[in-house]
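I need the structure of the sequence given here:
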Amino acid sequence: MISIKCGNMVFPKIQAVLFDKNGTLEDSEAYLRTLGQKAARLIDAQIPGIGEPLLMAFGIEGNQINPAGLMAVASRRETEVAVAAYIAETGRGWFESLKLSQQWLEEADQQVRQTPSPLFPGSWEILQTLASAGLKLGILSAATTADVRQFVSTHQLGSYLQLQMGVDEGLSKPDPVLFLQACQALGVEPEATLMVGDSVGDMQMARNAKAAGCIGITWINQPENVQGADVIINQLDEIQVIQA
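Okay, the predicted model is just below:
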């Protein structure tokens, strides 16, 4: 059996590790900030006055993005619904508002998704280390499944991962059913699976699914963003394999 050590904590009898994508393996801050700014401008051009409230809702202030804000942690569907609510406040019907939200967010995405976001330092190395130890690995992200697969393909991570799972329709983080579905797909029990993520939602999801443990990573040293974690790290190389 394999044990994982982080700081002063040891997680025994681990069979699998699930990683979040945005903010955990992928340094997506610049992309998410630019996407939010572009979407707010596009929508404001059609509905004057809505841009600034949208930026606040997105968690974007100037060149800063709140790592616990809507744009950083919500699924695309949740973001679409949030934007649609602002559009509906202008008197448009709900279905029209939702359609416009989807259309404008997709247009913004197409304009900013030119250069792939880089991996965080150590992302490739930790996946290689864990895979070499015989652990099953997967990505469980609030991004769409298509985005997850594109990320894996771009950075050539497919040989290390047995699961590439995003959120498309229906359930979103922190619903523990997502974690349970990921474990089922990997053929492991939640009690033998670790979650590594950068948000409270990741921690809540895994904890409520009775995961083996929750490792919160905060690259910017803001532990409140991973409240509920069993252990908090600032670099992925703090995850160490112990052969039991």
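
contacts and neighbour counts: CA atoms only from here.
Fine.

what separates the residue located most distally from the centre of the chain from Gln204, distance-wise?
The centre of the chain is farthest from one residue, Gly91, which by Cα atoms, centre = their mean lies 32.7 Å away. Distance, Gly91 to Gln204, using Cα to Cα, to the nearest Å: 36 Å.

distance of the residue farthest from the centre of the chain from Arg77?
In terms of Cα to Cα, Gly91 sits 21 Å off from Arg77.

next one: Ile217
25 Å.

Also Gly197?
20 Å.

Would you mind telling me which of Ile217 and Arg77 has the busier surroundings?
Ile217 (26 against 19; other Cα atoms under 10 Å).

ends of stretch 84-102, how far apart?
Note: stretch 84-102 ends 8 Å apart using Cα to Cα.

Identify each buried residue in that stretch, please.
Residues of stretch 84-102 classed as buried: 84-88, 97-98, 100-102 (neighbour count, 16 or more other Cα atoms under 10 Å).

who touches it?
Under the contact criterion Cα atoms under 8 Å, 6 or more residues apart in numbering, stretch 84-102 has outside partners 47, 50, 54, 80-81, 83.

now do 10 Å
With contacts defined as Cα atoms under 10 Å, 6 or more residues apart in numbering, stretch 84-102 is touched by 39, 43, 47, 50-51, 53-54, 57, 76-83, 103, 106-107.

quick one: average confidence on it?
Averaged across stretch 84-102, pLDDT comes to 96.

Equivalent analysis for stretch 205-217, please.
Rounded mean pLDDT across stretch 205-217 is 97.

now do stretch 26-40
Here stretch 26-40 scores 94 as its mean pLDDT.

go on, stretch 175-184?
The average pLDDT within stretch 175-184 is 97.
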